[in-house]
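> requesting a structural model of the entry that follows:
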Amino acid sequence: MVWELGFGKAIVGAIARRVVEAGISGVSQQLSKSEVEKALEVTLNKAQAKAELVPSLNADDKDRVEGFLQAFLGGGIGLEELQKGAEKPDVEVLRVAFEQAAKATPRMKSVEPEQLVQWLRIFVETYFEQTNTFIRYRAKLREYRDRLITSCEDVKFVGIDVSAREDHRAARLLDIFVVPNVSEEVTKLAFSPERLLPERPEQLTERQAQLWQEQRDRHAQQRGRSMLAHEILRATTRQRVVVLGDPGTGKTTLMRYLAVMAAGEKGAEIGLPEGVERLPILVYMRDWAKYPERSLLDQVRDFAENTLQVDLPTGFLEHWTEGQALLLLDGLDEVAEDSTRAALVEKINCFLAAHENNWAVITSRPWGYRRDYFRTDAYPHFELELFNEAQIQEFIEHWYENRCENAAEAQEMIRDLQDALKSKDRLQDLVRNPLLLTMVALIHRYQDTLPKRRYKLYDRAVDTLLKSWDRKGKGETYGEFKHLDRDDDLRRVMSQLAYWIHTQYETQTTESGTVIEEGELLTQLSLIIRQEYPQVKLHQAKEEAERFVAFIRDRSGLLNEYGRGRYAFVHKTFQEYLTAEAILNQAEYEDNSELIYEAIQTHLHNSHWREVILLLVSQLQGKKAAKAIEVILRRNSQYEKWLHRDLLFAGHCLTEDPEKLAPASLGTVSEILQRLVTLETDDEKRIGRSIKKETFEISVGLRKLLLMSKS
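The predicted model follows:
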């Protein structure tokens, strides 16, 4: 006989709801309604398939559905059996409950006892297996999330020798993390890119012109709406986004933060829907690229078992990725081979298409990122912004409040670092990059104060990046150089390379270094290495150049890869500082100070060289410093009578360093001060508002230095 009751989704959902509402002994705190519903659905389908019971009831026939459910669950017998959870329901009890419910429901027919018993036996076994499987999944989820939090929340600092101050210890991510802003991608240019035109475009090679064009357009990009980074999931209905960010802007740190928040059941605070548990899955694309033949789930399983040390039960990932996962795919740009990157992108797209209810965040550097990887209509694109002043202050406060046990000491250090940053505009620009802000904070913490002279801070930072910084924080060892000495040669080669890069073509941005093609970079490095070691053959120099680039890129982070095969300094400041250092080194090597003054004369008032000259002059002492100031002041630049560029630049050089007030230069300093006072008191309409403002700023800076020199 055929039983007319159909087990459609309406019945499954209703049974699950009522079972969960009533509570399952030993299970109610471990299973959600969706899991009970899933267990019932699998159970009913399996029992029906094996016992060949044919449903004929339309799921829309609500009266009969509700009537049967009321009879089966309302009487208490069937419900009690399904509530057991940790104990198998009794088949005979359920058989009686089903028959009674069928008889009590209008237009329902009975079923033959043997057929019903067979069906119920399969039902009971499958239901018990499914619910207990989900309980195991839930227990394993807690273990997985705890291990993921542990792996992500410790922020280790490996670039500074801290042994003299305190035991080396990590900071907790959530204690110091400052949520950055992101801006929605807009394709329209914000202004005419011609304003970034280099001064001598005709000297660019075709390839340099192309790189310059890309860099120009990159900085002419209009920004869309801005929001805090943890709002991006809430801001999109697509459930997946791409986040682009330059080196040092905190892409990986953001992904670790999202992982910790989701794993710590704080998903609602980062924009995930409330009431739905999520499995946060963090995938470092550089690790997956080592095994591109793996599926996404195979890579996740490897990460869980070998990195987190969590043994995942069969079906665990499949269960959670049906629609309850938050995929965090970090560093698409770190997949070196184009073909491998394209293959992994295809796997990501296919997986998300097949599991569309999952959420996903994908990060990459913007250079070399292709818009056809992830369609913008399906994947809204955002770009990480640099820190603003408020975020810098927030980071400093978090940093010292969590690094100093003494509250009074923490507040003193906070004020000292804030004052140091406010005193130098260029330094403020540098620390808008979260990576470099962290480095400055480390130097300040373990030296009690920042060096008062910018070049000394940059010197310390470059030395740290080259000698002891581990960019990826893994403590990896790198092969020794065959010809270069790491302690003696790296800095000198790096400064020569910076000088060459700086002279290639001019960027008018204050943040990004000049982007250079890998082939050009390796060729120039080979030449530099052969100059240092004439006995080295050309092919050996090329091999050493490759080792050099790999070390600087992967270990120090001083030179970064911007897209496939393109390199630039992590910040233009380091390019400028090392360029100045190269000029000083060459002058010292040739024992010819005129090389310094020639460089000043040649590049004075070229905005691309402004910081180089300031940093160059700031490192000179005594008579050399006095002569450099004289060279600037007496250059008699075009329209000096009206623009006062020589005078103002000489004033800026003086504000860089109190040593410039030494007796050797007091006469020149006195003249500069007098002329600045005259300008400051002159009629604004005659000299112009911008000159008036600049004059005032220089005068204030010089007065501070005079007070410092007397104290």
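
> any stretches of the stretch 551-700 of the chain with poor pLDDT?
The stretch 551-700 of the chain contains residues with pLDDT under 70 at 556, 563-564, 658-665, 684-686.

> tell me where it has strands.
Secondary structure of the stretch 551-700 of the chain by DSSP state E, counting those that start in this stretch: the strands cover 559-561, 566-569.

> okay, now the unreliable bits of the stretch 101-250 of the chain?
Using pLDDT under 70, the stretch 101-250 of the chain drops low at 102, 105-121, 123-125, 127-129, 155-171, 186-223.

> can I get the strands of the stretch 551-700 of the chain in a markdown table including distance to residue 134?
Where you see a C-beta, it was placed from the backbone N, CA and C, and this is true even at glycine. Putting the strands of the stretch 551-700 of the chain into a markdown table (distance: least, C-beta to C-beta, whole Å) gives the following:
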| stretch | distance to residue 134 |
| --- | --- |
| strand 559-561 | 45 |
| strand 566-569 | 49 |
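
> those strands: which one's closest to residue 456?
Ranking the strands of the stretch 551-700 of the chain by proximity to residue 456 (C-beta to C-beta) places strand 566-569 first, at 18.9 Å.

> which residue ranges form the strands in the chain?
Using DSSP state E, the strands of the chain run over residues 154-155, 171-172, 181-189, 221-228, 240-244, 279-284, 325-330, 359-364, 381-384, 516-517, 559-561, 566-569.

> redo the strands of the stretch 551-700 of the chain as JSON lines? Include mean neighbour count and distance to residue 666.
As requested, the strands of the stretch 551-700 of the chain are exported to JSON lines (neighbours: other C-beta atoms under 10 Å; distance: least, C-beta to C-beta, whole Å):
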{"stretch": "strand 559-561", "mean neighbour count": "23", "distance to residue 666": "41"}
{"stretch": "strand 566-569", "mean neighbour count": "23", "distance to residue 666": "37"}
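
> so for residue 521, which of those strands sits nearest?
Between those, strand 566-569 lies closest to residue 521; by C-beta to C-beta that is 5.5 Å.

> CA atoms of the closest one as CSV?
Presented in CSV, the C-alpha positions along strand 566-569 are these (Å, rounded to 0.1, in the frame of the first residue of the first chain):
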residue,chain,number,x,y,z
ARG,A,566,58.1,45.6,-11.6
TYR,A,567,59.9,47.0,-8.6
ALA,A,568,59.9,50.2,-6.5
PHE,A,569,60.9,51.3,-3.0
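
> what's in contact with it?
Applying C-beta atoms under 8 Å, 6 or more residues apart in numbering, the external contacts of strand 566-569 come out as 211, 367-368, 498, 501, 512-518, 521, 549, 553, 558-562, 575.

> give me every residue that touches residue 153.
Contact partners of residue 153, counting by C-beta under 8 Å, 6+ apart, are 172-174, 256, 260.

> how much space between the closest residue in space to it that isn't next to it in sequence and residue 244?
Distance criterion C-beta to C-beta, 6 or more residues apart in numbering; nearest residue to residue 153, sequence neighbours excluded, is residue 173 at 4.5 Å. Separation of residue 173 from residue 244 (C-beta to C-beta, to the nearest Å) stands at 22 Å.

> neighbours of the residue nearest to residue 153, how many?
18 (other C-beta atoms under 10 Å).

> go ahead and confirm it touches residue 258.
No: when contacts are counted by C-beta atoms under 8 Å, residue 173 is not listed as touching residue 258 (10.8 Å).

> residues contacting the closest residue to residue 428 other than its chain neighbours?
Spatial nearest neighbour of residue 428, chain neighbours left out: residue 421 (5.6 Å); criterion: C-beta to C-beta, 6+ apart. Applying C-beta under 8 Å, 6+ apart to residue 421 gives the contacts 392, 427-428, 431, 440.

> in helices, which of the contacts of residue 153 fall?
The helices, defined by DSSP state H, take in 173-174, 256, 260 from those.

> farthest pair in the residues you listed?
174 and 256 (10.0 Å).

> these two: who's more crowded?
residue 256 (23 against 17).

> leaving aside the residues next to it on the chain, what's closest to that one?
Nearest residue to residue 256, sequence neighbours excluded (C-beta to C-beta, 6+ apart): residue 152, at 4.1 Å.

> number of residues surrounding the one you found?
Look at residue 152: counted by other C-beta under 10 Å, it has 23 neighbours.

> how far away is it from residue 178?
From residue 152 across to residue 178, the span is 16 Å (C-beta to C-beta).

> same question, residue 568
Distance of residue 568 to residue 178, computed by C-beta to C-beta: 25 Å.

> can you check residue 273 too?
For residue 273, the distance to residue 178 equals 25 Å [C-beta to C-beta].

> give me the contacts around stretch 280-300.
Here stretch 280-300 makes contact (C-beta under 8 Å, 6+ apart) with 145, 148, 152, 255-256, 258-259, 262-263, 302-303, 317-318, 321, 325-332, 334-337, 340-341, 343-344, 347-348, 351.

> out of these, which are buried?
145, 148, 152, 255-256, 258-259, 262-263, 303, 317, 321, 325-332, 334-335, 341, 344, 347-348, 351 (16 or more other C-beta atoms under 10 Å).

> run a quick neighbour tally on the residue lying closest to residue 133 once chain neighbours are set aside.
Spatial nearest neighbour of residue 133, chain neighbours left out: residue 315 (7.0 Å); criterion: C-beta to C-beta, 6+ apart. Using other C-beta under 10 Å, residue 315 has 12 neighbouring residues.
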